[in-house]
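K.L.:
After the sequence you'll find the predicted model.
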Amino acid sequence: MPTARRLLEVDSRTFERRLAANPLVIVPVGALEAHGPHLPLGADQLQAEATATALAERVDGLVAPTVAYGSAPGARRFPGTVSLSIHELESYVQGVLGELARSGVRRLLVLSGHAERGHMAALREAGDRTMRDHPRTRVVVLSDYDFVYELRGTESPPTDGHAGLLETSRVMAVAPAAVGPERPVGEYRHSPFVPGSPTESDWPESVIGDTRPASAELGARVQAHVLDRLVETVHALLPA
């Protein structure tokens with residue numbers, strides 16, 4: 001029988017026994033956010049969950065239930081986006097991590113499929129507070145897009161970004177049924193020095209890049225790269 005990886009499927013006594021091996025517990029984090037006319041609102045969650053599941057197999061880890069909402073102010077004006085404040089996200093994630101640490105988890109990886117700056121800052125602050133409150137627990141916080149974007153300039157143009165070629169290809173690989181037929185081309189013109197969210201003229205669609213060459217084959221290469229880099233990171237920063 002395959003080893004159960006999802007905490008949703010593990011009973012309390014089994015979880016207690018498995019804690020003796022000091023397992024890595026992965027907390028996927030998503031966002032409900034517009035990703036153009038071709039990708040689902042939950043693209044970030046789908047990618048984070050698929051990656052967490054595959055990583056858990058590679059490192060004999062466990063996968064906690066997903067934090068499904070994030071901070072996505074850049075896309076708030078697009079229909080379907082739900083954006084928490086940084087404070088709301090930080091407080092919630094800190095509570096989740098703190099309870100896992102209280103339960104005896106000593107190695108935590110917060111794996112976000114959404115990489116917006118404030119969103120990641122909230123997750124890092126929650127991880128830092130957890131380690132201060134629970135000194136025996138080590139927390140690493142990252143986005144899988146830290147590794148996806150290492151491929152810009154080789155597998156995609158250097159300017160590729162949100163819901164662009166790499167992300168479209170990746171969702172085609174991990175959740176093909178969720179990808180629609182349109183292949184938009186988008187440009188982001190909002191200056192980082194101007195406060196507030198981009199206007200319609202700054203960002204007419206929630207896409208950055210040319211998605212027309214997207215393919216599941218490219219997505220599979222991207223995903224393989226991400227998983228290899230995650231395994232390296234776990235071994236370096238969260239050794240058993």
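P.N.:
Sure, I can see it.
K.L.:
quick one: buried residues of the lengthiest helix in the chain?
P.N.:
In the chain, assigned by DSSP state H, the helix with the most residues is helix 216-237. The neighbour-count check on helix 216-237 (16 or more other C-beta atoms under 10 Å) flags 216, 218-219, 221-223, 225-227, 229-230, 233-234 as buried. In short, each C-beta sits where N, CA and C put it, glycine included.
K.L.:
Equivalent analysis for stretch 109-120, please.
P.N.:
For stretch 109-120, a neighbour-count test (16+ other C-beta under 10 Å) marks 109-116, 118-120 as buried.
K.L.:
Convert the C-alpha atoms of that stretch to PDB, please.
P.N.:
These are the backbone C-alpha positions of stretch 109-120, laid out as PDB (Å, rounded to 0.1, in the frame of the first residue of the first chain):
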ATOM      1  CA  LEU A 109       8.600  24.000   4.200                       C
ATOM      2  CA  VAL A 110       6.200  26.800   3.200                       C
ATOM      3  CA  LEU A 111       5.800  26.300  -0.600                       C
ATOM      4  CA  SER A 112       3.900  29.100  -2.300                       C
ATOM      5  CA  GLY A 113       2.600  28.900  -5.800                       C
ATOM      6  CA  HIS A 114       2.100  32.700  -5.700                       C
ATOM      7  CA  ALA A 115       5.100  35.000  -5.600                       C
ATOM      8  CA  GLU A 116       3.900  38.500  -5.100                       C
ATOM      9  CA  ARG A 117       6.300  40.600  -3.000                       C
ATOM     10  CA  GLY A 118       3.900  41.400  -0.100                       C
ATOM     11  CA  HIS A 119       2.500  37.900  -0.100                       C
ATOM     12  CA  MET A 120       5.900  36.400   0.300                       C
END
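K.L.:
Any idea how far it is from the middle of the chain?
P.N.:
Offset of stretch 109-120 from its chain centre (C-alpha atoms, centre = their mean, to the nearest Å): 6 Å.
K.L.:
now do stretch 210-229
P.N.:
Distance of stretch 210-229 from its chain centroid, counting by C-alpha atoms, centre = their mean, is 15 Å.
K.L.:
do the same with stretch 219-234
P.N.:
In terms of C-alpha atoms, centre = their mean, the centre of stretch 219-234 is set 13 Å apart from its chain centre.
K.L.:
where are the low-confidence patches of the protein?
P.N.:
For the chain, residues meeting the criterion pLDDT under 70 lie at 1.
K.L.:
The residue nearest the centre of it: what's it in contact with?
P.N.:
Nearest to the mean C-alpha position of the chain, by C-alpha atoms, centre = their mean, lies residue 113 at 1.7 Å. Residues near residue 113 by C-beta atoms under 8 Å, 6 or more residues apart in numbering: 28-31, 43-49, 51, 143-145.
K.L.:
Residue 179: what's it in contact with?
P.N.:
By C-beta under 8 Å, 6+ apart, the contact set of residue 179 is 38-40, 168, 171-172.
K.L.:
What is the nearest of those residues to residue 8?
P.N.:
Residue 8 has its nearest neighbour among the contacts of residue 179 in residue 40, at 21.4 Å by C-beta to C-beta.
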